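In: return atomic coordinates for the entry below.
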Amino acid sequence: MSTSFKGVQWAIGGKHENRRDTEGSAKVIVLKYTNQETSVTIGESVRDEDVFIIQSGCGEINDNLMELLIMINACKTASARRITAVIPCFPYARQDKKDKSRAPITAKLVANMLIVAGANHVITVDLHASQIQGFFNVPVDNLYCEPSMLKYIRTKIPNWTNAIIVSPDAGGAKRATSIADRLNLDFALIHKERKRANEVSRMVLVGDVRGKVAIVVDDMADTCGTLSMAAKTLKENGATKVYAIVAHGILSGKAIDVINNSVLEKLVVTNTIPHEDKKAICKKIDTIDISPTLAEAIRRTHNGESVSFLFSHAPE
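Out: Numbers count the residues shown, from 1 in each chain. Prediction:
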């Protein structure tokens with residue numbers, strides 16, 4: 001990612017032991033010692049600069065989170081004027097409430113760590129629960145994939161006017177109904193019962209999908225078991241084709257095999273989490289590029305402009 005406006009330093013997290021020296025980016029060296037400690041060196045002055053540190057919660061999440069925290073703290077102690085953590089996929093977002101005895105609220109812990117490290121502002125995309133913004137004592141801009149999803153549906157899905165938007169669970173109903181309303185389409189809901197985490201025992205469809213293209217909308221695809229079962233349920237109930245559009249493509253475990261063996265036409269995910277290696281071995285995966293939205297949010301933040309435009313519009 002490059003930039004042309006003055007007074008901004010970029011620090012982009014990524015693989016260890018690589019020197020960052022790209023156009024528009026700050027020089028940062030991240031090393032991992034033999035005892036697995038992470039070391040960060042900012043290679044140029046950030047004094048009184050507006051710093052944006054880009055790091056997504058993916059891959060080796062704990063290492064990447066520590067790298068982000070150390071980099072924020074390094075900029076803070078180097079007298080940066082403002083530090084913005086740009087986190088396309090917020091780590092531990094699913095652990096946002098105490099749903100059983102002695103369960104931790106880890107999303108709150110991550111928020112506390114970011115603030116203590118020195119973050120003055122956070123930009124993220126499609127939080128698992130919007131209330132996570134309340135865990136912070138600093139401004140949080142929670143951007144949405146919805147405008148980009150709408151653009152994809154209108155331009156890439158054939159016969160989308162004869163489609164029906166489907167939520168794979170009750171928790172995603174609000175997201176799915178919002179998309180259905182903006183496209184003037186019908187809405188259906190799948191009720192799922194779980195045996196345990198990441199394992200669905202059965203699904204019940206509420207709504208009529210017969211003869212229609214079913215578009216399943218969700219916030220993240222992890223093991224993809226839910227999406228595969230949802231697609232099978234929709235096909236059994238008469239849907240002609242089934243597409244899945246997801247904000248965060250985690251795609252862990254046997255997800256690729258599950259997708260390849262499913263009746264899904266396509267699994268469409270944004271690139272909040274890098275997935276090019278998985279896309280190479282799964283032809284059903286398609287990508288929505290979210291980088292224009294993040295880049296515009298960063299530009300507007302730096303220039304003191306309103307970011308609310310991006311909540312309902314996708315940048316060209």
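In: lowest average confidence, helix or strand, in this structure?
Out: strand 19-20 (a mean of 38; mean pLDDT, DSSP states H and E).
In: right, and the helix or strand after that one?
Out: strand 28-32 (DSSP states H and E).
In: what helices or strands is that following strand leaning on?
Out: Helices and strands touching strand 28-32, by 3 or more C-beta pairs under 8 Å, 6 or more residues apart in numbering; DSSP states H and E, are strand 19-20, strand 38-42, helix 61-77. Any C-beta I mention is one placed from the backbone N, CA and C, and that applies to glycine too.
In: mean pLDDT lowest where, among these?
Out: For the helices and strands packed on strand 28-32, the bottom mean pLDDT is recorded on strand 19-20, which sits at a mean of 38.
In: quick one, what contacts the closest residue to residue 275 other than its chain neighbours?
Out: Spatially, and ignoring its direct neighbours in sequence, residue 275 is nearest to residue 249 (5.2 Å; C-beta to C-beta, 6 or more residues apart in numbering). Residue 249 is in contact with 220-221, 267, 269-270, 272-273, 275, 278, 285, counting by C-beta atoms under 8 Å, 6 or more residues apart in numbering.
In: need the helices and strands packed on strand 28-32 in a markdown table (columns: distance to residue 189 and mean neighbour count).
Out: Output for the helices and strands packed on strand 28-32, formatted as a markdown table (distance: least, C-beta to C-beta, whole Å; neighbours: other C-beta atoms under 10 Å):
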| stretch | distance to residue 189 | mean neighbour count |
| --- | --- | --- |
| strand 19-20 | 45 | 14 |
| strand 38-42 | 44 | 16 |
| helix 61-77 | 31 | 20 |
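In: so which of these gets nearest residue 132?
Out: Closest to residue 132 of the helices and strands packed on strand 28-32 is helix 61-77 (C-beta to C-beta; 15.0 Å).
In: off-centre distance for that closest one?
Out: Taking C-alpha atoms, centre = their mean, to the nearest Å, one finds helix 61-77 lying 19 Å from the centre of the chain it belongs to.
In: so it versus strand 28-32, what angle?
Out: Calculated by axes from the mean of the first three to the mean of the last three C-alpha atoms, to 10 degrees, helix 61-77 forms an angle of 140 degrees with strand 28-32.
In: and helix 61-77, C-alpha only, in PDB?
Out: Presented in PDB, the C-alpha positions along helix 61-77 are these (Å, rounded to 0.1, in the frame of the first residue of the first chain):
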ATOM      1  CA  ILE A  61      -2.400 -14.800  15.700                       C
ATOM      2  CA  ASN A  62      -0.500 -14.600  19.000                       C
ATOM      3  CA  ASP A  63       2.800 -13.700  17.300                       C
ATOM      4  CA  ASN A  64       1.100 -11.200  15.000                       C
ATOM      5  CA  LEU A  65      -0.700  -9.600  18.000                       C
ATOM      6  CA  MET A  66       2.500  -9.300  20.000                       C
ATOM      7  CA  GLU A  67       4.300  -7.800  16.900                       C
ATOM      8  CA  LEU A  68       1.500  -5.200  16.600                       C
ATOM      9  CA  LEU A  69       1.600  -4.300  20.300                       C
ATOM     10  CA  ILE A  70       5.400  -4.000  20.300                       C
ATOM     11  CA  MET A  71       5.300  -1.900  17.200                       C
ATOM     12  CA  ILE A  72       2.700   0.400  18.700                       C
ATOM     13  CA  ASN A  73       4.700   0.800  21.900                       C
ATOM     14  CA  ALA A  74       7.900   1.400  19.900                       C
ATOM     15  CA  CYS A  75       6.200   4.300  18.000                       C
ATOM     16  CA  LYS A  76       4.800   5.700  21.300                       C
ATOM     17  CA  THR A  77       8.200   5.800  23.000                       C
END
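In: show the low-confidence segments of the stretch 201-316 of the chain, by residue range.
Out: 201 (pLDDT under 70).
In: list the contacts of residue 48.
Out: 79-81.
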